[in-house]
Structures are given as C-alpha cells and as structure tokens.
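Chemist: Dropping a prediction and its sequence here:
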Amino acid sequence: MKRRDFIKIASSSIAFSPLLERLAVAAGKGAYAPGPFSGIPRAEIRSLFESNREDAMRLTEDIVVKCVLEKILSPMPPMQHNWIYPGGPYYKGQWIWDSMFVVDILSILPGKKKVIRDIFQNYWDFQDRWNARMPEYAQDMITVAIKTAPQPVRQFSQIPILAWGVERVYCRNGDKELLKQCLPRLEKFHDWYWRERDVTHIGLCTVGAYTGKIQHARWETFDYECNMDDMKLTVHPTRKGPNEGKWYGDTLVTGNTSYLIMGERSLMRLAEIIGDRQMAARRKQRIDKAVTAMRTHMWDEKAGTFLSVKRDTMEKVPVATISSWIPLTAGVPTEAMAKRMAEVLHSDAWQTPLPVPTVDRTDPRWRPTGFWRGDVWPSTNYQIARGLFDYGHIDLAADIADKTVANAIKNGINEHYDSMTGKGIGIKDYCMSSSILTMMLDGITKKYKVKLRG
C-alpha cells in the first residue's frame, strides 16, 4: 500500500448518508442534545454518598452531575452507542484517556452496566472499521478519539489506559459480561501498541502517528511535554518496506510505557479472573520485560525519577516531567526507587502552592499556566497520589490529594489549573476532572472524605 493511499483511507470515516452527515454537521455547530442521564435530581445523587464535610459533598454532587452524567450522550455517527463527550467546543468525540475516569465513577452508580458496555463497544466498532482499511502492521489500533462525523479519523492512538478502566469498572460492579466483551479486543490493542510503539523490541514505547506529523505523535501522550521538544519522526528502525513513512518517534517516553505496563497488569488480572491462564502468562511476559527495561534504561538516581531516553542511543533526556512520576502508578520502581521519588516530590522543584506541576519548576521552560509545561491536572495528580499511596507514602499522597480537592472547592472544577494561584484553566467541568472525586473515594485524602453510603 502506498503511503499517500494509507493516509487517504485512514483519514476517511465510514460512509455516511447525506442525511446523517447533515445532522452531524448541524450538531457540530452548537451544543449537543441532552444525553440519557441529564436531569437526574441532585438529591438522588447525594443519597448515594456520605462525607465528613458539606463542601466535599457539594463537590461530589457537582462532579457526578457535571463531569459524569451530563457527559454521556446518545449515539451520534460514527458511534452507534452511548458515548462520552469530554466537554467544551473542541473535544467532539470519545477519547481513550479521558473517558476511563468517567466510567470509573459511572460504575458505582446503579443501573449503568449497559451504558458502560456501550461506551467500550464504540472502541471495538472503531477497531473493526480501522482493520477493514489498514495494512497488517497497523491492525487493531484504537484512535486517540473517535471523532463525530464529518471530522476525519485520527491516525494515532493515546495513553493505553483502557484495560485499567475495564478493571476499575469490574472491581466496582462485577460485570463479567463486560470482561467477555472487552478482553480479546484489549489484548489485540496491546499487541498493536507493542508492535508499533516498542519499535526496538526492548520493552520501551515511543509515540507516533501514521500522518507523519510530529504534533500528532506528541498527542499520543501529554501533548506538549518538554521531554519531547527535540523529538523527530523516523521510518521504522527495524521493519523495511517500500511504503514506509516517517511515523515513529526517536524518543522513548516514560509516560506511555508506564501506562502500558499498568494496562498490562490490569489485563493480566482480568484474564486470571475469567480463567484464561494463557493470556495472563502472555501479559506477564510483557510486564516483566518492560519493568526491567525501565529500571535499566530510564531510572536516574541523581534526578530521583525516571527520564525519557533517546531511542537509538539510550541517552537520557535531561528534564523531569509529569510522566516521570507515572511509573509509581504502574508499580515500576523498586521500594528504594519509590522512596527516592517521594523525596524529590517533597522538594521545592515540585511543591508549588498547588502541586504537582507538569514539569520541574527549575526548568527554564516552566510556566505556572503552561500546557503540560508547568500547569496542574487533576487526573495526573490522582494517579501520582495513588502510586505514592500504594508504595506506602501515605502523607505525601494525602497532601497532594487534599490540596487538589481544596482547590476545586475554592476555584471550581476545571480541565487544568495554574500551579501557583490555583485558578482554573481550560474547559470548565471537564469530564476527566471526575478524578478529583476518585481521590476521595479511593481513600487517598485525609481532610476530605467521601464514601458510598452504607
């Protein structure tokens, strides 16, 4: 397949009737129609939870209503099932990373198993459409966002967190039908990720995009992180063919490698639950190889964290960013490494008034409102705090989580925040900021406590 043909068919979506296309265009010009769960009384939401503080309870109500229930929309082409809309005028589609924090909260609400299966089915439907058009090496990718028609298909993926989302849902609602639906597809997606992102076969992932555009590749992870400033796209370093494009980054990144390990751990545990020992064994091999590779090539004792590395030389990229801390969430560090990471996170470089900034603030590129270059995101704060909590650094985890909750009570629910003033930035009531509630429900906070009633 010629590269120009590849890009042409990848950019196209499924065939739409003129009527559906007109409806999609009309919907894109204004607000989407209310979804199936809009208008649920707040008293009904409040009755599900209990808290030690009224301000935490009000925040809980706001998150469940505005970041979760109001973000579930009815089918819209190409999605044939209920789907998650992140919020704002630009995010018209169902993302990978963002959506998992929504289904996590949605799964604790009664009667939501079917809609959660719908949300995941959108990914598998995309996989089928993609596979019908793509060459073998690209098979089983899931796009960063299933965009509503008539937007073109995105030709790159995103943080591989879907298996983590399925496990979170299952642990909350015990839906074994969801496991049957998702596990075979998840394994195919993970195999695509290793095949197309672990391009040197050592267990470390790069980012990439079949468009050959560098910013598209960066969009597979934390968009504008400083550790990717010098990254370039190259042809595949080991696969040779006449139609290869410059689709693969020359930097191996800590964030997506960690997320893939985290997802593999979830997939392994879920495979064990359904009795698929062979799948579990396959996933464990991947985990062990990747953890060893991260500890060997990415750990930096002086920096006290994990650093991205150049693909062809294994030279470390000398800047710690938010993705340097995601290995905590994935269980990658040894106990000694985790202790060193906690020490560094205690330092002034990371202890902004609202922690955790997305780059070390001693770096000259740090700005308190910089997009992944000094700002603060609730979702990464949750995952870093969760990782610290799991390694036994309870007080530091609680400090990060409580400050995140307190800031949302003071400044509202936003996509991200100024790390110095705490003021909200970006989309108000953004779906992924439901992770603020997850911090409390997971028991990471000390000052602000929320749990399911009874």
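Modeler: Noted; the coordinates are in hand.
Chemist: Show me which helix or strand of the chain is least confident by mean pLDDT.
Modeler: helix 18-28 (a mean of 34; mean pLDDT, DSSP states H and E).
Chemist: Tell me the helix or strand right after that helix.
Modeler: For helix 18-28, the following helix or strand on the C-terminal side (DSSP states H and E) is helix 42-46.
Chemist: What helices and strands are in contact with that following helix?
Modeler: helix 54-62 (3 or more CB pairs under 8 Å, 6 or more residues apart in numbering; DSSP states H and E). Every C-beta, even on glycine, is put in place using the N, C-alpha and C of the backbone.
Chemist: for the helix it packs on, which positions count as buried?
Modeler: 56, 57, 59, 60, 61, 62 (16 or more other CB atoms under 10 Å).
Chemist: could those residues go into JSON lines alongside pLDDT and distance to residue 188?
Modeler: As requested, the buried residues of helix 54-62 are arranged in JSON lines below (pLDDT from 0 to 100; distance: CB to CB, whole Å):
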{"residue": "56", "pLDDT": "98", "distance to residue 188": "41"}
{"residue": "57", "pLDDT": "98", "distance to residue 188": "42"}
{"residue": "59", "pLDDT": "98", "distance to residue 188": "38"}
{"residue": "60", "pLDDT": "98", "distance to residue 188": "37"}
{"residue": "61", "pLDDT": "97", "distance to residue 188": "39"}
{"residue": "62", "pLDDT": "97", "distance to residue 188": "38"}
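Chemist: from these, which is closest to residue 90?
Modeler: Nearest to residue 90 among the buried residues of helix 54-62 is residue 62, at 22.2 Å by CB to CB.
Chemist: The closest one reaches residue 428, doesn't it?
Modeler: No - applying CB atoms under 8 Å, one finds residue 62 not in contact with residue 428, separated by 10.7 Å.
Chemist: Touching both of these two, which residues are there?
Modeler: residue 413 (CB atoms under 8 Å, 6 or more residues apart in numbering).
Chemist: Strands of the protein, residue ranges please.
Modeler: All strands of the chain, identified by DSSP state E, fall at 49-51, 72-73, 83-84, 93-95, 145-147, 233-234, 248-249, 251-252, 299-300, 305-306, 309-310, 414-417, 424-428, 450-452.
Chemist: Residue 358 is nearest to which of those strands?
Modeler: Nearest to residue 358 among the strands of the chain is strand 414-417; the distance by CB to CB comes to 8.4 Å.
Chemist: What average pLDDT does the closest one get?
Modeler: The pLDDT scores in strand 414-417 average 98.
Chemist: list the helices and strands it packs on?
Modeler: helix 394-411, strand 424-428.
Chemist: for the last one, which positions count as buried?
Modeler: Spelled out, it's strand 424-428. Neighbour counts using 16+ other CB under 10 Å place 424, 425, 426, 427 of strand 424-428 among the buried residues.
Chemist: count of neighbours near the residue nearest to the second one when sequence neighbours are not counted?
Modeler: Nearest residue to residue 425 in three dimensions, chain neighbours excluded: residue 416, at 5.0 Å (CB to CB, 6 or more residues apart in numbering). By the measure other CB atoms under 10 Å, the count of residues near residue 416 is 22.
Chemist: Residue 416 reaches residue 379, doesn't it?
Modeler: No - judged on CB under 8 Å, residue 416 makes no contact with residue 379 at a distance of 9.1 Å.
Chemist: quick one: contacts of stretch 298-311?
Modeler: 199-200, 204, 206, 227-228, 237, 249-254, 257-258, 294, 297, 315-321, 323-325, 327, 332-333, 337, 340-341, 343-344.
Chemist: Going through those residues, which ones are buried?
Modeler: Here, 16+ other CB under 10 Å leaves 199-200, 204, 206, 227-228, 249-254, 257-258, 294, 297, 316-317, 319-321, 323-325, 327, 332-333, 337, 340-341, 344 buried among the contacts of stretch 298-311.
Chemist: Among the residues you listed, which lie within helices?
Modeler: When DSSP state H is applied, those are split such that 254, 257, 258, 327, 337, 340, 341, 344 fall in helices.
Chemist: quick one, what contacts the second one?
Modeler: Residues touching residue 257, when contacts are defined by CB under 8 Å, 6+ apart, comprise 203, 204, 205, 290, 293, 294, 298.
Chemist: I'd assumed residue 252 was in contact with the third one.
Modeler: The one in question is residue 205. Yes - the criterion here is CB under 8 Å, and residue 205 meets it with residue 252 at 6.4 Å.
Chemist: give the contact list for residue 185.
Modeler: Contact analysis of residue 185 by CB under 8 Å, 6+ apart lists 123, 124, 127.
Chemist: Turn those into a markdown table, including distance to residue 385, pLDDT and neighbour count.
Modeler: Formatted as a markdown table, those follow (distance: CB to CB, whole Å; pLDDT from 0 to 100; neighbours: other CB atoms under 10 Å):
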| residue | distance to residue 385 | pLDDT | neighbour count |
| --- | --- | --- | --- |
| 123 | 27 | 98 | 20 |
| 124 | 32 | 98 | 16 |
| 127 | 32 | 98 | 19 |
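Chemist: most centrally placed residue in the protein?
Modeler: residue 97 (2.7 Å; CA atoms, centre = their mean).
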